[in-house]
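Engineer: sharing a sequence plus its predicted fold:
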Amino acid sequence: DAKTTQPPSMDCAEGRAANLPCNHSTISGNEYVYWYRQIHSQGPQYIIHGLKNNETNEMASLIITEDRKSSTLILPHATLRDTAVYYCIVIGSNFGNEKLTFGTGTRLTIIP
Amino acid sequence: GAVVSQHPSWVICKSGTSVKIECRSLDFQATTMFWYRQFPKQSLMLMATSNEGSKATYEQGVEKDKFLINHASLTLSTLTVTSAHPEDSSFYICSARTLVEQFFGPGTRLTVL
């Protein structure tokens, strides 16, 4: 019962903005959207999360549509070190007793 | 952000031996710890959830007698792969959670010969 759908792969030119989409059409009112990324042979790294408002931190911006059925992670100025698999995860508020489960994610390749 | 460490970062062992992997939350106390396994070119698969002082909860299809989990304190969890076989070769990743955040360790690559 996949809660999110992401494209399997994307390329982005170095220095450009990378926009990674995620569909979560069955999201419920108290569920957050979390983004993690995994660089090759490393553990996942937290990027950002949001409920319904757009969010921005030092790593990225998260744009959530008004109906909350989809979101976009934006890396404003992609570098080669941003090459990784990006995971969009929907989970209840403050995790609660839920388990963080990973789908197949989007493999982002930054092209020099 | 908070730091989760794992030791060792990689290990090679002979078939039939047991291997212990440690996971520590270095600057926070984790209410819950998780163990994941990742095969090449695949996503992370949750193996088990553990809370300090209680028995781990294993996901369907994960053998609890083969993958022993001990959660001795709020900062330490261990995973022991008993009688390891080549098919157990994988990337094992631990994760530690507070009430509002979840952090991941760097992973341990296990190779069973």
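Structural biologist: Noted; the coordinates are in hand.

Engineer: every contact and neighbour count from this point should use C-alpha atoms.
Structural biologist: OK.

Engineer: hang on, isn't B:Glu22 packed against B:Thr75?
Structural biologist: No: look at B:Glu22 against B:Thr75 with Cα atoms under 8 Å: they stay out of range, at 10.4 Å.

Engineer: ok, B:Pro8 to chain A distance?
Structural biologist: B:Pro8 sits 13 Å away from chain A, going by Cα to the nearest Cα, to the nearest Å.

Engineer: contacts only, for the nearest residue to A:Asp11 once chain neighbours are set aside.
Structural biologist: By the measure of Cα to Cα, 6 or more residues apart in numbering or on different chains, the closest residue to A:Asp11 outside its immediate chain neighbours is A:Thr109, 4.8 Å from it. A:Thr109 is in contact with A:Ser9, A:Met10, A:Asp11, A:Cys12, A:Leu80, A:Asp82, A:Thr83, A:Ala84, counting by Cα atoms under 8 Å, 6 or more residues apart in numbering or on different chains.

Engineer: mind redoing it with 7 Å?
Structural biologist: A:Met10, A:Asp11, A:Cys12, A:Thr83, A:Ala84 (Cα atoms under 7 Å, 6 or more residues apart in numbering or on different chains).

Engineer: got it, and A:Ile74?
Structural biologist: By Cα under 7 Å, 6+ apart, the contact list for A:Ile74 reads A:Ala17, A:Ala18, A:Asn19, A:Leu20, A:Ala60, A:Ser61, A:Leu62.

Engineer: switch to 6 Å and redo it
Structural biologist: Shown in contact with A:Ile74 (Cα atoms under 6 Å, 6 or more residues apart in numbering or on different chains): A:Ala18, A:Asn19, A:Ala60, A:Ser61.

Engineer: ok, of those residues, which one's closest to chain B?
Structural biologist: Closest approach between the contacts of A:Ile74 and chain B, by Cα to the nearest Cα: A:Ala60, at 15.3 Å.

Engineer: excluding chain neighbours, give the residue nearest to that closest one in space.
Structural biologist: Per Cα to Cα, 6+ apart, closest to A:Ala60 is A:Leu75, 4.9 Å.

Engineer: quick check: beta-bridge partners of the one you found?
Structural biologist: A:Ala18 (DSSP bridges).

Engineer: for the host helix or strand of the residue nearest to A:Asp11, buried residues please.
Structural biologist: Applying DSSP states H and E as the criterion places A:Thr109 in strand A:106-111. Across strand A:106-111, burial judged by 16 or more other Cα atoms under 10 Å in any protein chain shown covers A:Thr106, A:Arg107, A:Leu108, A:Thr109, A:Ile110.

Engineer: sheet partners, orientation included, of that strand?
Structural biologist: When sheet partners are counted by DSSP bridges, strand A:106-111 sits next to strand A:9-13 (parallel), strand A:84-92 (antiparallel).

Engineer: alpha carbons of it, as CSV, please.
Structural biologist: Extracted C-alpha coordinates of strand A:106-111, given in CSV (Å, rounded to 0.1, in the frame of the first residue of the first chain):
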residue,chain,number,x,y,z
THR,A,106,13.9,9.1,-7.1
ARG,A,107,17.5,8.7,-8.2
LEU,A,108,18.8,12.2,-8.9
THR,A,109,21.9,12.6,-10.9
ILE,A,110,23.6,16.0,-11.1
ILE,A,111,25.3,16.5,-14.4
